[in-house]
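J.: Below are the sequence and a predicted model for it; my questions follow.
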Amino acid sequence: MFFEILKKYISALSILELIILAAGYGITFSDAFNPPFTDIVLFSGVFYLNTGIALFVFFRGQTRDPESQTFHSLVAVSLKFLVELAIIFICFIIAKKNEMQSVVLFFVLYLSFTLFF
């Protein structure tokens, strides 16, 4: 049961990732907002992995007793948040990707993957 539910959500997450990559590829040809496609692939791939891991932890906890369910939910949300903070730190401070396109792209992808989970 755990793997069936997880497989359903991971497949929906994969469809979201493909839609984001297709839309990102289309956006790279616009004149107004032209982020590099490598940034789109990098950010969306990291968010995809992060959300997949959080879903795994969350649904793993759903097969446990109620106290453990709460703990797994808290760990999943906290892990997702901390990894996203690390992404911000690495990309914007260490890699110096502080152009407007990268910042807007990060927050749009952050919002879309956060609303999924």
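T.: Structure received.
J.: Roughly how far does residue 101 sit from residue 109?
T.: For residue 101, the distance to residue 109 equals 12 Å [CB to CB, to the nearest Å]. C-beta coordinates here come from the backbone N, C-alpha and C atoms, glycine included.
J.: Between those two, which has more neighbouring residues?
T.: Counted by other CB atoms under 10 Å, residue 101 and residue 109 do not tie: residue 109 has more neighbours, with 21 against 15.
J.: Who are the contact partners of the more buried one?
T.: 20, 43-44, 47 (CB atoms under 8 Å, 6 or more residues apart in numbering).
J.: and which of those residues is nearest residue 3?
T.: Nearest to residue 3 out of the contacts of residue 109 is residue 47 (CB to CB; 22.6 Å).
J.: Quick check: closest non-adjacent residue to that closest one.
T.: Excluding the flanking residues, the one nearest residue 47 by CB to CB, 6 or more residues apart in numbering is residue 113, at 4.2 Å.
J.: go on, residue 35?
T.: Per CB to CB, 6+ apart, closest to residue 35 is residue 101, 4.0 Å.
J.: those helices in this protein, which residues are they?
T.: Assigned by DSSP state H, the chain shows helices spanning 2-27, 37-61, 66-88, 100-116.
J.: Could you single out the most deeply buried of those helices?
T.: Among these, ranked by average contacts under mean count of other CB atoms under 10 Å, first place goes to helix 37-61 (a mean of 19).
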